[in-house]
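Colleague: A predicted structure for the sequence below; I have some questions about it.
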Amino acid sequence: MTEISDSSRKPTSIVAIGVGNRMRTYMQYVAAHPDEARLVAVVEPDPIRRNAMADRFNIPSERRFNDYHEFFKNPVKADAAIICTPERYHFEPCMEAIRCGMHVLLEKPVAQTYEQCRLIDKAARQAKRVVGVCHVLRYHPAFRKVKELVSSGRFGRIMTISHVEDIGIDRTTHSYVRGTMNTEEGNNPLLMAKCCHDIDFLSWLTDASCSRLSSFGNRIWFRRDNAPAGSATRCVSCSVEKDCPYSAVDLYQRRHQWIANFDVPAGDTIDAVIQRELEEGPYGRCVFHCDNDLVDNQVLTMHMDDGSIITLMMDIFTLRDGRSTDIKMTHGEIVSNGIKIVVTDFRNGKREVYDYTEVCKQPYHAGADLRIVDSFLKTVRDEEPDIPLTTITDALRSHRLCFEAERSRRSGSTVTL
């Protein structure tokens, strides 16, 4: 290994592997807390992203790597790695980092198979390394309040939970139809890719285990046979573009939304990059003429071993982009939209409202993303974090449910666990 002189164990030295929006967010914590963490190497195939991150943290050229294969041939010595690569590239660099003695903070989903998840867990335990998984809802103030209310015992036991994940039409067309996360082979099924957070949250709410589950879902809309008459393969040359709710021209050029991952080369402008993307890139394609194969609707029902029932509905045909949770308990109910929580006690009719509107205006998921990094660093240093780290062992439960849900969806059968 290439040695880096450092007279103390603090700040924790970190390698950034995969520089997208998630990594840039986590590095905000590192930049704000130089006494706690220090970036020592950057691994990213895109030169614009790699050099932008490396320049910000004054990383010398010899510690800037094109890909993780190159890096692990002669890795820079570091205490930890943060891995935010595309989903299909989670397993291998995570295993390599553990092999090199690094702790790992791994973006979700953990891997593409449950067996890979188990292998990471086994390797971490054998090497006595920390592997944290970025399940952000456990760190979000509003979702933590829901957990606190459920666990208080004030409202009895859970009978049913109805949870809706509104992915939103803009996010869906950008990420899961046109974008790099639009195929199962290259990433994961949509339930895993987008809703393993939600299933982790639902599992966290209850002490019960799932005994049976069933799931239904299909890709019924974003297909070539649903393309409107007169449509073209690209929005810029489409005769019906102005009346299309999925227009890339409208999303990126008129509204300037979902453009954070459009890299702007030196001397160029974001408008020029958008125009090129619309004319030549994947994000300019008609949603009915893409190579996507993910479902565009899905429901999961879980029967828990304590008799309670949990349902999750994944919706994309909505302008909403968020989560709502209705928890029906024996002595009361808890209703949350991720911002406001309304609690009703059946015994006295008393109603309580917890409003997180101002908190949720804070960037980075109301600060939850930064709390993940804080929890990880404290766990690595054997300090007591303010919020317990969600470990790979914790994540196994929700990931198994996601994989089993997909098995149920494909087979059309109920899966017994």
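Modeller: That came through fine. Numbers count the residues shown, from 1 in each chain.

Colleague: Near the closest residue to L190 other than its chain neighbours, how many other residues are there?
Modeller: Distances taken as CB to CB, 6 or more residues apart in numbering put L294 closest to L190, at 4.4 Å, once the chain neighbours are dropped. Heads up, the C-betas are built off the backbone N, CA and C, glycines and all. L294 has 24 neighbours, counted by other CB atoms under 10 Å.

Colleague: residues contacting L294?
Modeller: Applying CB atoms under 8 Å, 6 or more residues apart in numbering, we find L294 in contact with 176-177, 182-184, 189-190, 193, 219.

Colleague: and if we set it to 10 Å?
Modeller: Taking CB atoms under 10 Å, 6 or more residues apart in numbering as the criterion, L294 is in contact with 172, 175-177, 181-184, 187-191, 193-194, 217, 219, 222, 316.

Colleague: buried subset of those?
Modeller: 172, 175-177, 181-182, 184, 187-191, 193-194, 217, 222, 316 (16 or more other CB atoms under 10 Å).

Colleague: How much space separates the residue nearest to L190 from P282?
Modeller: 15 Å (CB to CB, to the nearest Å).

Colleague: what does L396 give?
Modeller: 33 Å.

Colleague: Which one of these two is surrounded by more residues?
Modeller: L396 (17 against 14).

Colleague: Could you look up the SS state of that one?
Modeller: helix (DSSP: H, G, I helix; E, B strand; the rest coil).

Colleague: pretty sure it is touching Y114, no?
Modeller: Yes. Here L396 reaches Y114: they are 8.0 Å apart, a contact under CB atoms under 10 Å.

Colleague: where along the stretch 51-200 of the chain do the helices fall?
Modeller: In order along the chain, the stretch 51-200 of the chain carries the following helices (DSSP state H, counting those that start in this stretch): 68-73, 91-99, 114-127, 141-151, 169-171, 190-205.

Colleague: For those, please prepare CSV with the additional fields mean pLDDT and distance to E36.
Modeller: Putting those into CSV (pLDDT from 0 to 100; distance: least, CB to CB, whole Å) gives the following:
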stretch, mean pLDDT, distance to E36
helix 68-73, 97, 23
helix 91-99, 98, 20
helix 114-127, 98, 22
helix 141-151, 98, 22
helix 169-171, 97, 32
helix 190-205, 96, 25
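
Colleague: So which of these is the most surrounded?
Modeller: helix 190-205 (a mean of 23; mean count of other CB atoms under 10 Å).

Colleague: got the CA positions of the following helix or strand past it in CSV?
Modeller: Using DSSP states H and E, the helix or strand that follows helix 190-205 in sequence is strand 210-218. Provided in CSV are the C-alpha atoms of strand 210-218 (Å, rounded to 0.1, in the frame of the first residue of the first chain):
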residue,chain,number,x,y,z
CYS,A,210,-42.4,-11.2,8.3
SER,A,211,-43.8,-14.7,8.0
ARG,A,212,-45.4,-14.4,4.6
LEU,A,213,-45.5,-11.8,1.8
SER,A,214,-46.9,-11.3,-1.7
SER,A,215,-46.2,-8.6,-4.3
PHE,A,216,-47.8,-7.6,-7.6
GLY,A,217,-46.4,-5.2,-10.2
ASN,A,218,-45.8,-4.7,-13.9
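
Colleague: Not counting whichever helix or strand comes after strand 210-218 itself, show me its contacts.
Modeller: Where DSSP H and E defines the elements, the next helix or strand beyond strand 210-218 is helix 248. The contact list for helix 248 (CB under 10 Å, 6+ apart) reads 173-174, 178, 234-236, 238, 241, 258, 274, 277-278, 281-287.

Colleague: The same query, at a cut-off of 7 Å, please.
Modeller: 235, 278, 283-284 (CB atoms under 7 Å, 6 or more residues apart in numbering).

Colleague: that older thread, save the helices of the stretch 51-200 of the chain as a markdown table, and put in distance to G230 too.
Modeller: Formatted as a markdown table, the helices of the stretch 51-200 of the chain follow (distance: least, CB to CB, whole Å):
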| stretch | distance to G230 |
| --- | --- |
| helix 68-73 | 46 |
| helix 91-99 | 44 |
| helix 114-127 | 45 |
| helix 141-151 | 45 |
| helix 169-171 | 21 |
| helix 190-205 | 29 |
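
Colleague: Can you say which of those is nearest to T391?
Modeller: When the helices of the stretch 51-200 of the chain are compared for distance to T391 using CB to CB, the nearest one is helix 114-127, at 8.0 Å.

Colleague: Off-centre distance for that closest one?
Modeller: 20 Å (CA atoms, centre = their mean, to the nearest Å).

Colleague: repeat for stretch 280-295
Modeller: 21 Å.

Colleague: List the buried residues in it.
Modeller: 283-290, 292, 294-295.

Colleague: Out of those, which two sit at the greatest distance?
Modeller: Checking those with CB to CB, the most distant pair is G284 and V295, at 23.7 Å.

Colleague: Provide a list of residues in contact with the residue nearest to the spatial centre of the chain.
Modeller: The centroid of the chain falls nearest to K108 when counting by CA atoms, centre = their mean (5.1 Å). For K108, the contact set (CB under 7 Å, 6+ apart) comprises 133-135, 196-197.

Colleague: Could you do T85 as well?
Modeller: Counting by CB under 7 Å, 6+ apart, T85 has contacts 17-18, 93.

Colleague: now swap in T206 and tell me
Modeller: 158, 304, 308.

Colleague: Do I have it right that the second one meets R212?
Modeller: No. With the criterion set as CB atoms under 7 Å, M304 and R212 do not qualify as a contacting pair; they are 9.0 Å apart.

Colleague: Looking at these two, which is more packed in?
Modeller: M304 (21 against 15).

Colleague: Quick check: beta-bridge partners of that one?
Modeller: Per DSSP bridges, the residues bridged to M304 are C210.

Colleague: what about it, distance to G186?
Modeller: 33 Å.

Colleague: Same check on Y89?
Modeller: Counting by CB to CB - Y89 and G186 are separated by 10 Å.

Colleague: Looks to me like A266 is in a helix.
Modeller: No. Counting by three-state DSSP, A266 is not found in a helix; it is coil.

Colleague: where in the stretch 201-350 of the chain is pLDDT low?
Modeller: For the stretch 201-350 of the chain, no stretch is flagged by pLDDT under 70.
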